[in-house]
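**Student:** Sharing a sequence plus its predicted fold:
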Amino acid sequence: MPPNLHEILGLLPQATLETIYMTFASTFLACLLGLPLGIYLFVTSPAGLRPQSAVYNILSRLVNLFRSFPFIILMILLMPLSRLLIHTSIGPAAVVIPLSISAAPFVARVVEAALEEVDKGCLLAAQAMGSTDWQIVRKVLLPEALPALVSGLALTIITIIGYTAMAGAIGGGGLGDLAIRFGYYRFRQDITLAAVVVILILVESVQLGGTLFSRSLLNKR
Amino acid sequence: MLRLEKISKQYASLQVVDKISLDVPPGNIFGIIGRSGAGKSTLLRLMNLLEKPDSGAMYLGERRVDTLSGRELLLERRKMGMIFQNFNLFSSRNVADNVAYPLEIAGLPRRQIDLRVGELLELTQISDKRRARLRELSGGQKQRVAIARALAAEPQILFCDEATSALDPQTTRSILSLIKNLQKFLQITVVVVTHQMEVIRAICEQVAVLEDGHVAESGAVKNVFARPKSSAARELLHAA
């Protein structure tokens, strides 16, 4: 085995695991924040169950504000929060907190868009039958939107994989970190290439998995 | 059964429903007919308590219902069934689970729900599709499922919103005769909203003709059809 390949194979597994860890932990937390926010956005939207234009406009602007922030800057701004919560601002675990907070508004929009796709006639029927808002959300909106939510989840994971690569720039670990520290600072294009290939494989498998799962849900209907 | 007193509803500056008074007698099929834009949909949304009128009063039985809110409003809505032109069934649920929905939200135990769903599918003659997915059903079969769902919570009144407008003539006839039989069998009140004269002729005993947000004329179907007094009724008769 050539020495280069040996070295790369030694570095990749650790970095890949870190990326996977950051991605899934951040996705989980981002959904925990973004799902309720997205549901609330839809419910208060003009076409929602309980339109409240003032609340909706404020929340919507706030979400836009967070989303228009360049991720890398938002992350630097949120680093003190990591220090406060888990007493470090370096490494994969520290990056999870800014990552999830940055991704939450994205998740909220994805959820809102998925719920908007639900047939308005179904909502009308559920309302006419005397459902509470919570019953409509739980028993009609979320189940009806499930295939779109699954596609949205895949999209979220892919976006977060992209973010984790950027997190490498501020010492977050993972494949992005590898590409920057070795590939960029030490002119090792072969390591950059290897990191990119692994990221590509991750993105493709999430996309494929998401599409297949979403399609199988639709086929059950 | 259902009484409207000078009900009005305005959207922006448009008077969609203008001081409508109606008396829907119990145990009867009552028709409301009008061209599109006559205010039928709004009137229906007011009657099934999805909208609040700007003025006027509405009574279900002896109880005033237009002023209800919160929990009481939801409970009153549960006494009303509704079917739609586009069926509005839940695609994430199969046939049986669609019919089970109103029972679930009312908090019935699972075993009781299963029994009741069986009865309802029997009643609407669609028992063989109990476990079927919605896309395996024809339009007429979907409307039968929707009727079963609408009747699940034993409503006192059933609203039909253009319920046969998306169906072919033969299926329309079978759905109309099902509605008529169920009305007799269950002794409920049915309100049929439509733009089709044939529907009124086929199942209604009384009819109100709507035009520009008010009742142009109303009465027994045979009288209104034999001697229409309003131009709106004459036009609808000619169109049919």
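**Tutor:** Ah, there it is.

**Student:** The spatially most central residue of chain B in helix, strand or coil?
**Tutor:** Nearest to the geometric centre of chain B sits B:F159, at 1.3 Å (C-alpha atoms, centre = their mean). Put simply, B:F159 is strand when judged by DSSP: H, G, I helix; E, B strand; the rest coil.

**Student:** That one pairs with what?
**Tutor:** Beta-bridge partners for B:F159, by DSSP bridges, are B:M82, B:V191.

**Student:** what sits against it?
**Tutor:** Counting by C-beta atoms under 8 Å, 6 or more residues apart in numbering or on different chains, B:F159 makes contact with B:44, B:47-48, B:80-83, B:190-191, B:193. Just so you know, the C-beta spots here come from the backbone N, C-alpha and C atoms, and that holds for glycine as well.

**Student:** Low-confidence bits of chain B, can you list those?
**Tutor:** Residue ranges of chain B with pLDDT under 70: B:240.

**Student:** mind checking how far the least confident helix or strand in chain A by mean pLDDT is from the chain centre?
**Tutor:** The weakest-scoring helix or strand in chain A, judged by mean pLDDT, DSSP states H and E, is helix A:71-86 (a mean of 83). Remark: helix A:71-86 is offset 17 Å from the chain centroid, using C-alpha atoms, centre = their mean, to the nearest Å.

**Student:** Equivalent analysis for stretch A:213-221, please.
**Tutor:** 22 Å.

**Student:** same thing with stretch A:22-37?
**Tutor:** Per C-alpha atoms, centre = their mean, the centroid offset for stretch A:22-37 relative to its chain is 6 Å.

**Student:** before we move on, what about stretch A:170-184?
**Tutor:** Distance of stretch A:170-184 from the chain centroid (C-alpha atoms, centre = their mean) equals 20 Å.

**Student:** So in chain B, which helix runs the longest?
**Tutor:** Longest helix of chain B, by residue count under DSSP state H: helix B:169-186.

**Student:** Report all helices and strands that that one contacts.
**Tutor:** strand B:29-33, helix B:139-151, strand B:157-161, strand B:189-194, helix B:197-203 (3 or more C-beta pairs under 8 Å, 6 or more residues apart in numbering or on different chains; DSSP states H and E).

**Student:** Go again with 7 Å.
**Tutor:** Packed against helix B:169-186 by the contact rule (3 or more C-beta pairs under 7 Å, 6 or more residues apart in numbering or on different chains; DSSP states H and E) you find helix B:139-151, helix B:197-203.

**Student:** For chain B, what lies in contact range of chain A?
**Tutor:** Within reach of chain A by C-beta under 7 Å from any C-beta of the partner chain, chain B has these residues: B:48, B:50, B:74-75, B:77-78, B:82, B:84, B:86, B:88, B:90-92, B:101-102, B:104-105, B:133-135.

**Student:** can you rerun that using 8 Å?
**Tutor:** Residues of chain B found near chain A (C-beta under 8 Å from any C-beta of the partner chain) are B:48, B:50, B:74-78, B:80-82, B:84, B:86-93, B:101-102, B:104-105, B:133-135, B:149, B:153.

**Student:** how many other residues sit next to B:F84?
**Tutor:** 22 (other C-beta atoms under 10 Å in any protein chain shown).

**Student:** ok, it touching B:T164?
**Tutor:** No - in this structure, B:F84 is not within contact of B:T164 by C-beta atoms under 8 Å, at 11.0 Å.

**Student:** Now stretch A:175-190: buried residues?
**Tutor:** Residues of stretch A:175-190 classed as buried by neighbour count (16 or more other C-beta atoms under 10 Å in any protein chain shown): A:175-183, A:188.

**Student:** For it, C-alpha coordinates in PDB please.
**Tutor:** Provided in PDB are the C-alpha atoms of stretch A:175-190 (Å, rounded to 0.1, in the frame of the first residue of the first chain):
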ATOM      1  CA  LEU A 175     -14.300  15.800   7.400                       C
ATOM      2  CA  GLY A 176     -14.400  19.600   6.900                       C
ATOM      3  CA  ASP A 177     -11.800  20.000   9.500                       C
ATOM      4  CA  LEU A 178      -9.600  17.300   7.900                       C
ATOM      5  CA  ALA A 179      -9.900  19.000   4.500                       C
ATOM      6  CA  ILE A 180      -8.900  22.400   5.900                       C
ATOM      7  CA  ARG A 181      -6.100  21.300   8.200                       C
ATOM      8  CA  PHE A 182      -4.500  18.800   5.900                       C
ATOM      9  CA  GLY A 183      -5.700  19.700   2.400                       C
ATOM     10  CA  TYR A 184      -5.700  23.400   2.600                       C
ATOM     11  CA  TYR A 185      -3.000  24.300   5.100                       C
ATOM     12  CA  ARG A 186      -0.600  21.600   4.100                       C
ATOM     13  CA  PHE A 187      -1.400  21.500   0.400                       C
ATOM     14  CA  ARG A 188      -2.500  17.900   0.500                       C
ATOM     15  CA  GLN A 189      -5.000  17.800  -2.300                       C
ATOM     16  CA  ASP A 190      -5.300  14.000  -2.000                       C
END
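
**Student:** where does that stretch sit relative to the chain's centre, distance-wise?
**Tutor:** Put simply, stretch A:175-190 sits 25 Å off its chain's centre (C-alpha atoms, centre = their mean).

**Student:** Need the residues that contact it.
**Tutor:** By C-beta under 8 Å, 6+ apart, stretch A:175-190 touches A:4, A:8, A:11-12, A:15-16, A:18-19, A:164-169, A:171, A:191-193, A:195-196, A:198-199.

**Student:** Tabulate the helices and strands packed on helix B:169-186 (a markdown table), appending distance to B:S231 and mean neighbour count.
**Tutor:** As requested, the helices and strands packed on helix B:169-186 are exported to a markdown table (distance: least, C-beta to C-beta, whole Å; neighbours: other C-beta atoms under 10 Å in any protein chain shown):
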| stretch | distance to B:S231 | mean neighbour count |
| --- | --- | --- |
| helix B:139-151 | 33 | 24 |
| helix B:197-203 | 15 | 19 |
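
**Student:** what distance separates the start and the end of stretch B:210-227?
**Tutor:** 16 Å (C-alpha to C-alpha, to the nearest Å).

**Student:** Chain B contacts on chain A?
**Tutor:** A:119, A:121-122, A:124-132, A:135, A:139-140, A:143-144, A:146, A:220-221.

**Student:** let's see it at 7 Å
**Tutor:** Going by C-beta under 7 Å from any C-beta, the residues of chain A near chain B are A:121-122, A:124-125, A:127-132, A:135, A:139-140, A:143-144, A:146, A:221.
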